[in-house]
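# I'll drop the sequence and a predicted model, then ask my questions.
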Amino acid sequence: MLDPDHFERAVEEALEGLPPQFASLLDNVAVVIEEEPSADDLDLVEEGDELLGIFRGVPRTYRAWGALPILPTQIAIFRQPILRVTRSRTDAVRQIRDTVIHELGHYFGLSDEAMPY
């Protein structure tokens, strides 16, 4: 469906497609692609559920001016789970975009319940 290079390109396109007012607010955020979530990552979901991405860091809304520097925020997009839950290349690209946007929502301080993705 999507080899690693095409998957990476789809993630890049999702980031490039962000509205400028949001893209300009991304500071110290690393978006990485991992094949599978770790056991620690999977502790956050119910058994049997697929974890498509994860936000690792401090939401922008919880950062204090003048606070000590923090590690870069990381958003991981999990390739194999996305490929397992999609049936076509088009579905995979759409799911990648939705997952990137969802995880960036956490960066901006939104809960799962507050996001449509």
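Structure's in. What do you need? Numbering: from 1, shown residues only.
# hey, let's count contacts and neighbours off CA atoms from now on
Noted.
# ranking helices and strands of the protein by mean pLDDT, which lands last?
Lowest on mean pLDDT, DSSP states H and E among the helices and strands of the chain sits helix 20-23, with a mean of 90.
# buried ones in it?
Going by neighbour count (16 or more other Cα atoms under 10 Å), nothing in helix 20-23 comes out as buried.
# what about it, distance to the chain center?
Centre-to-centre, helix 20-23 and its host chain are 16 Å apart (Cα atoms, centre = their mean, to the nearest Å).
# list the contacts of that helix.
Here helix 20-23 makes contact (Cα atoms under 8 Å, 6 or more residues apart in numbering) with residue 15.
# pull out the buried residues from the next helix or strand after it.
Using DSSP states H and E, the helix or strand that directly follows helix 20-23 along the chain is strand 29-34. Residues 29, 31, 33 are the ones in strand 29-34 that count as buried (16+ other Cα under 10 Å).
# tell me where this structure has strands.
Secondary structure of the chain by DSSP state E: the strands cover 29-34, 53-56, 73-78.
# would CSV of the ones you listed with distance to residue 112 be doable?
Shown next, in CSV, are the strands of the chain (distance: least, Cα to Cα, whole Å):
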stretch, distance to residue 112
strand 29-34, 19
strand 53-56, 11
strand 73-78, 15
